[in-house]
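Undergrad: My questions concern the predicted model and sequence given below.
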Amino acid sequence: MEHFFDPQSVVVIGASNTPLNLGSTICNMLKDYLHYNGNVYAVNSKGEAVNGYPGYSSVLELPQAPDLAIIIVAARHVPGIIQDCARKGIRSIVIESAGFSEGGEIGETMQREIDQVARQNGIRLLGPNCLGTLSTRDKFCCFYGVNPSLVEMNQIFESPGNISYIIQSGGVAVLAMESLYYDVVGVNKVVSIGNKCDVDEADLIEYFQNDETEVIGIYLENIADGRKLMQAARKSRKPVLVYKVGKTREGALAAMSHTAGMANNDRIFDAACRQSGIIRLQSIDELHSLPKMFTEMPLLAGKRVAAFTNSGAFGGISADLLVQAGLQMVRLTPQTQEKLKKVGQVFNIKNPVDIGPAPPQTYLDIFEILLSADEVDGLLPLLSVWQPFVIDCLLELMKICKRYEKPAAIYTPNAIAKSIAIRAKHRIPIFETTEQAVRALAVSQTYCASLLKRNFAGGRPPYGAGVKTDHRSTGEAMR
């Protein structure tokens, strides 16, 4: 699997100097933007060099068997190229070409032929009908058609992160990466799996257990092997967040036409997520908005949440959202309320705690009182940044959360552009809406509870701990 993300040599089959050639964009990315150090070869009908990389008319003419072959030619040529790759000794191949099982009977026949050659020769295939792979730490990317000057790809590689994505759609992969430009977390690896005739989401969940990945985000249009996915998720020491299309009949049909897979029964998938510890996402935006709750904060070990606001309206808003999310507006004990009363300048010492204009120490005292209270599992601070010192208080809040091992899902009721700017400049994990913040708390608590069910006996489960459990029938039903 490592050759898909960190190959020491690459051949791009289909790269040429023809205008708008997609294979050439991969060569350009490797040479001009990533300054890739390995050997790169181009294969095309003319055997011409591409952007300084030597060209050949056949894979069989290459001076070596590269670690990775990237195929981006018309589908009808792919079966013969796979056979040439097998003869050459290439064992890792990305097929970015489309027109296989998603394209009808002829395409299905070609894909079966490809699969057979791969199995017979020990070749691992990624795709077909995919975008490829990206690894920020290894400075490698074989996405086609990407202009780094437009997509700001350089920024992704300059700030490697700890989120890895497994995406069935190339467009969703780019959306997730672009959205993280303005967040506190960054990308580790991204893989577009397309039709996943060989390498699938379960293989990659297993692979990501052994690198810098802290959170695994997945976008799926279909599941070919439900039992395999459940087993991989159960064993995962890292949160697995999945957004899957196909809740409606129309969505299922659209998914089938895109990546050649029937979307599975939605109720069965829901049950499988609960059994295996998968966090099922409610919207595509959650692929990039929720991971920071896992990378920047402790897990929420219980459902009792205290809200803290300097705008009374958001107290009522947060109460509704917390209850609707299955969490609890904690009843603060008389002892905790007495401590809050002594702080002064507190309009409401019950939950939600409400203050008006107050100095920094008031904020810090309230953070300390609430997070140290035995009856409080986590905090929902809804604090408008009306003075610069509020930012300093939020930075201190992050330290207090780690000290008490209790999370805070931070929302600043300001214009979204202002909140995003504060988040980017000060590296504070601010959510962009109250709904996002509450959802983050709910997801954190769900994941924490799933760890406890998966053989964590007693106490707070440590982040990233391995889990084991028995297999159940739902995985079989998803097949």
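TA: Alright, I've got the coordinates. Residues are numbered from 1 along each chain as shown.

Undergrad: Flag the shaky bits of the stretch 251-400 of the chain, pLDDT-wise.
TA: 251-264 (pLDDT under 70).

Undergrad: the helices in it, which residues?
TA: 266-276, 286-289, 291-296, 313-324, 334-343, 360-372, 389-404 (DSSP state H, counting those that start in this stretch).

Undergrad: So which bits of the fifth one are buried?
TA: Judged by neighbour count (16 or more other Cβ atoms under 10 Å), helix 334-343 contains these buried residues: Thr336, Gln337, Lys339, Leu340, Val343. All C-beta atoms are positioned from the backbone trio N, CA, C, and that covers glycine.

Undergrad: With the longest one instead?
TA: Going by neighbour count (16+ other Cβ under 10 Å), the buried part of helix 389-404 is Val390, Ile391, Cys393, Leu394, Leu397, Met398, Ile400, Cys401, Tyr404.

Undergrad: Any idea how far apart the tips of stretch 383-392 sit?
TA: Stretch 383-392 has its terminal residues 12 Å apart, counting by Cα to Cα, to the nearest Å.

Undergrad: How about stretch 408-424?
TA: 18 Å.

Undergrad: one step back: any chance of a markdown table for the buried residues of helix 389-404, columns distance to Arg124?
TA: Shown next, in a markdown table, are the buried residues of helix 389-404 (distance: Cβ to Cβ, whole Å):
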| residue | distance to Arg124 |
| --- | --- |
| Val390 | 51 |
| Ile391 | 48 |
| Cys393 | 51 |
| Leu394 | 46 |
| Leu397 | 46 |
| Met398 | 41 |
| Ile400 | 47 |
| Cys401 | 42 |
| Tyr404 | 45 |
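
Undergrad: Tell me where the stretch 51-200 of the chain is predicted with low confidence.
TA: 150-151.

Undergrad: what are the ranges of the helices in it?
TA: Along the stretch 51-200 of the chain, the stretches classed as helices by DSSP H, counting those that start in this stretch are 78-88, 105-121, 148-151, 153-158, 170-179.

Undergrad: Put together CSV for those helices, with distance to Ala65 and mean neighbour count on each row.
TA: CSV is the format used below for these (distance: least, Cβ to Cβ, whole Å; neighbours: other Cβ atoms under 10 Å):
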stretch, distance to Ala65, mean neighbour count
helix 78-88, 5, 19
helix 105-121, 12, 16
helix 148-151, 29, 13
helix 153-158, 27, 17
helix 170-179, 27, 19
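
Undergrad: now these in JSON lines, with distance to Asn21?
TA: Formatted as JSON lines, these follow (distance: least, Cβ to Cβ, whole Å):
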{"stretch": "helix 78-88", "distance to Asn21": "16"}
{"stretch": "helix 105-121", "distance to Asn21": "22"}
{"stretch": "helix 148-151", "distance to Asn21": "17"}
{"stretch": "helix 153-158", "distance to Asn21": "19"}
{"stretch": "helix 170-179", "distance to Asn21": "17"}
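
Undergrad: quick revisit: adding distance to Pro352, write the helices of the stretch 251-400 of the chain out as JSON lines.
TA: Below are these laid out as JSON lines (distance: least, Cβ to Cβ, whole Å):
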{"stretch": "helix 266-276", "distance to Pro352": "30"}
{"stretch": "helix 286-289", "distance to Pro352": "23"}
{"stretch": "helix 291-296", "distance to Pro352": "20"}
{"stretch": "helix 313-324", "distance to Pro352": "4"}
{"stretch": "helix 334-343", "distance to Pro352": "11"}
{"stretch": "helix 360-372", "distance to Pro352": "10"}
{"stretch": "helix 389-404", "distance to Pro352": "16"}
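
Undergrad: That'll do, ta.
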